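Visitor: Need a 3D model of the sequence below.
(chains A and B)
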Amino acid sequence: MAFDPAVIDSKWQARWELDGLHKVLDDDPRPKWYEMTMYPYPSGDLHIGHWYAMAPADAHARFRRMQGYNVLHPIGFDAFGLPAENAAISRGIHPYEWTISNIENMRRQLRSLGAIYDWDREVITCQPEYYRWNQWFFLKFFEKGLAYRAKAPVVWCPSCQTVLANEQVLNGACERCGTEITRRDLEQWFFKITEYADRLLDFSGLEEWPDKILSMQQNWIGRSEGVEISFDISAVGLDEKEIRTFTTRIDTLFGVTFVVLAPEHPLVPGLTTEDNQQAVDEYISKARQTSEIDRLASDKEKTGVFTGSYAVNRINGERIPVYIGDYVLTTYGTGAVMGVPAHDSRDFIFAQKYKLPIRIVIAPIEWNGQDVSEAYIGEGFMTNSGAYDGMTNEEGKTAIAIDLEKKDWGSRTVSFRIRDWLISRQRYWGTPIPMVYCGSCGVVPVPEADLPVLLPQDADFTPTGESPLAANEDFVKTTCPKCGTAARRETDTMDTFMDSSWYMMRYLDPHNAKDPSNSKLLQKWMTVDQYTGGAEHAVMHLLYSRFFTKGMHDMGLVEYDEPFLRLFNQGVILGADHDKMSKSKGNVVNPDDFVGTLGADAVRCFLMFIGPWDQGGPWSDVGINGTARWLNRVWDIVARDASSLDTAATNAEMVRDTNRLLHQTVRKCHSDLDRFRFNTAIAALMELTNHLNKVWADSSVDSKTWDGCTEKLLLMLAPMAPHMTEELWEMKGHPYSIHQQDFPTWDDDLAAEDVITLVLQVNGKVRDKIEVSANIEESEAQALAMASPKIQGFVAGKSVVKSVYVPGRLVNVVVN
RNA sequence: GCCGGGAUGGCGGAAUGGCAGACGCGGCGGACUUAAAAUCCGCUAUCUUAACGGAUGUGUGGGUUCGAGUCCCUCUCCCGGCACCA
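Guide: Numbers count the residues shown, from 1 in each chain, chains lettered A, B, ... in the order given. This next block holds a predicted model:
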């Protein structure tokens, strides 16, 4: 029978579904293994990138199942978000219709890859059964004080007409549409992720996360220890008597020659004197006009303007000018900095431009007292620093901080780069925030019993800058849950990262109408043992869901406090031209084209064979033929009737060699699949296949050996090529299903070589190779090396200094 | 600028400090075929040699070692992330 992948794929996909082979039972006695892959956005088409993320993940989950685990490997759809709304705007389709029809199509495509998804556990985030729990969690976080409303300068995308989270800004542009962002002051809902900053930096609860992701999270959180130090402005005569600044270099306090405020700093109007009013106004309006990209460019010229006021540096009583400069960010620290030009490169440039004094207070090594041509950032001894002179700057840091705290002029604090998580979106296609604004009671949460707050079917999707829900009177008009008088609903919706912060819980109990998930099931299944997905979610989804989990943990909702124990990031699949796939480059690969002709197994295996999964790599239209050819060869080999093998040609040595290779292959395959090294696992299986082809040609093994090899070959290949192996398994008369069998085991003794190639070197260069027994003694190996004519040729006329013996490997004769 | 990761044949890639290039693609030659496709077999780093063989070879330059693709230092380039964060 010829191998016809199209027939076999659909035959088994139908059979598995009919039999509920992928149904995951909660009361299964085997140990659990929860392996999740990041759920896709239902864009409508399953492209090769999805396959690259999902097929190897499925193979790994299948491997765990064959190792005896009860494996949960679920799938769902990240179904809220802007593209649905954009489709509604451009094509007049309702976001719900668009999303659901996309999901239907993608379900069909997902089935074609033959994964072990239990579809009864599917999660679709845009359905009220799901998003009501977003609202429920929101209320919990609100109760706990972790959700709050504040007016804040938020990032705004003029094209998407919505605020964005800081994480959605790339180089000053909207991550989605690339439009340059602007800033707006709006009342927004936030989650207090900053309160968890220190705990999020503690990675001790994680096992096997890529270092890259940990360092990205670390950078994103951006913890820095320093001192908040005040400068006295009581002489100006305002209510506010000081300017607070944050510095990590308090050791340079005696080098402060000016103070700079961010243009948005609240003290700016008060500190600006009449003479300087015009210049300051002009500067600020110019700063406003400057685009975010320009303002954030670090190589930009440092500009500023003098306010006319002075502050006093209390440590030495010096009067220093107060400037405004847009290189100071309002969003970090206190929005004001002390200017130490000698020891900060930005301050140095600023001081040069405005002719401000530059005073060295940390002496560089071998400093001759001369002026410096750039800021000195390094270590050194304190100088020009009064009583602190002579200390190392590290000693000075501590000493000054302690003294400032004694005098109440400052205190040691920690500053974070991370901002609170902005939840609000001025968009329709998301979870309504369950809050009500009452004229007399203020902000009132919707009672749990009234959830879900349903997203109304009808809305005007045209972006106006306000949530489309605001124009929907039926939605907006409500009564206050507290006092019963007329009130207005919150019309913003939630960031979709809310959905993905807890979806791992919902897979366990997707139809639960009483709770987001059942506590017993959470106890059984959580934490997720293995999570796989793209590295692009390093500081958004992965950080948010860690925060969310810790918040839930503190509220007593869950017992674990990390959602994902192990993380693996697959690389990016590139076009055949080694470029990123994109429609404009015309290098996009449609998996359906190959699945239809070569079969799902060939596509799966090729994606795994390209190279290490975490590296990604280029697709190849011709390369996949090699994988398809190999699967054909496997088919051909396994389908053969082995009884013709039992002839006089059977060779005991070849039988032993064949069994040895089999056991070596099982060992290698096992350890490779364990670590996501699919490419080398498949290479090992190919080697076994090649060997089998050889022994078949000369009938050198008996049928028992042959059948043993082909049976184990099928079992090892099953996680990667589930359809074909199932068909062959049945054809060979084994009991259904191959996917319920154990992964083969190996015997180290049988895998051990008994003859090895001993490499003979002279001065580290290979000169000869001889076959010897694997348990050869050193003395014998040395003697054989010296006896080799080739070695003798290279040693002749020289004196042997020594001879290194590496057991089982080589002899290296060192001569001079 | 800072933090990660990387650079190995024509291509994708493989190598616990110990035979560099497994496995696959492509190419070349052969078998089968009227022919082609498919399939099967063999060869395939570079230079040199009639051949046996020899020399060179893992981005650059140095170092450690009996021995380095692998460890250490320097530099170059590529990819990813962060970037006026005080």
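
Visitor: Show me where the stretch 501-650 of chain A has its helices.
Guide: Here the stretch 501-650 of chain A has its helices, by DSSP state H, counting those that start in this stretch, at A:503-506, A:519-525, A:541-554, A:591-598, A:600-609, A:623-639.

Visitor: what's the neighbour count on the residue of the stretch 401-550 of chain A found nearest RNA strand B?
Guide: Closest residue of the stretch 401-550 of chain A to RNA strand B, C-beta to the nearest atom of the strand: A:R417 (3.7 Å). The way it works is simple: take the backbone N, C-alpha and C, and place the C-beta from them, glycine included. Other residues within reach of A:R417, judged by other C-beta atoms under 10 Å, total 16.

Visitor: So which bits of the host helix or strand of A:I756 are buried?
Guide: Secondary structure from DSSP states H and E places A:I756 in strand A:755-762. Along strand A:755-762, the positions that meet the burial threshold by neighbour count (16 or more other C-beta atoms under 10 Å) are A:I756, A:L758, A:V759, A:L760, A:Q761, A:V762.

Visitor: How much space separates the fifth one from A:Q782?
Guide: A:Q761 sits 13 Å away from A:Q782, taking C-beta to C-beta, to the nearest Å as the criterion.

Visitor: Now do the shared contacts for these two.
Guide: Taking C-beta atoms under 8 Å, 6 or more residues apart in numbering as the contact rule, the neighbours common to A:Q761 and A:Q782 are A:V811.

Visitor: quick one on the thing from earlier: closest one of the buried residues of strand A:755-762 to A:Y96?
Guide: Within these, distances to A:Y96 taken as C-beta to C-beta reach their minimum at A:I756, with 67.0 Å.

Visitor: Tell me how chain A divides into domains.
Guide: Domain ranges of chain A: A:5-125+A:502-570, A:135-192+A:420-494, A:224-415, A:616-750, A:754-815, per automatic domain parsing.

Visitor: what mean pLDDT would you report for the strand holding A:I756?
Guide: Per-residue confidence for strand A:755-762 averages out to 91 on the pLDDT scale.

Visitor: Output the contacting helices and strands for the next helix or strand after that strand.
Guide: Taking DSSP H and E as the definition, the helix or strand that follows strand A:755-762 towards the C-terminus is strand A:765-773. Judged by 3 or more C-beta pairs under 8 Å, 6 or more residues apart in numbering; DSSP states H and E, strand A:765-773 is in contact with strand A:755-762, helix A:778-787, helix A:789-795.

Visitor: Residues touching the shortest one, excluding its own?
Guide: Under the contact criterion C-beta under 8 Å, 6+ apart, helix A:789-795 has outside partners A:L760, A:V762, A:R767, A:D768, A:A785, A:M786, A:V813, A:V815.

Visitor: Who's the closest spatial neighbour of the fifth one, skipping the chain neighbours?
Guide: For A:A785, the nearest residue in space outside its immediate sequence neighbours is A:V811; the separation is 4.0 Å by C-beta to C-beta, 6 or more residues apart in numbering.

Visitor: Correct me if wrong: the one you found contacts A:A783.
Guide: No: the pair A:V811 and A:A783 does not pass the contact test of C-beta atoms under 8 Å, sitting 9.8 Å apart.

Visitor: Between those two, point out the one with more neighbours.
Guide: The neighbour count for A:V811 versus A:A783, taken as other C-beta under 10 Å, is higher for A:V811 (24 against 11).

Visitor: List the residues that contact that one.
Guide: A:V811 sits next to A:L758, A:V759, A:L760, A:Q761, A:A781, A:Q782, A:L784, A:A785, A:S803, A:V804, A:Y805 when contact means C-beta under 8 Å, 6+ apart.

Visitor: which among these are in contact with RNA strand B?
Guide: The subset of the contacts of A:V811 within reach of RNA strand B, counting by C-beta under 7 Å from any atom of the strand, consists of A:V759, A:Q761, A:V804.
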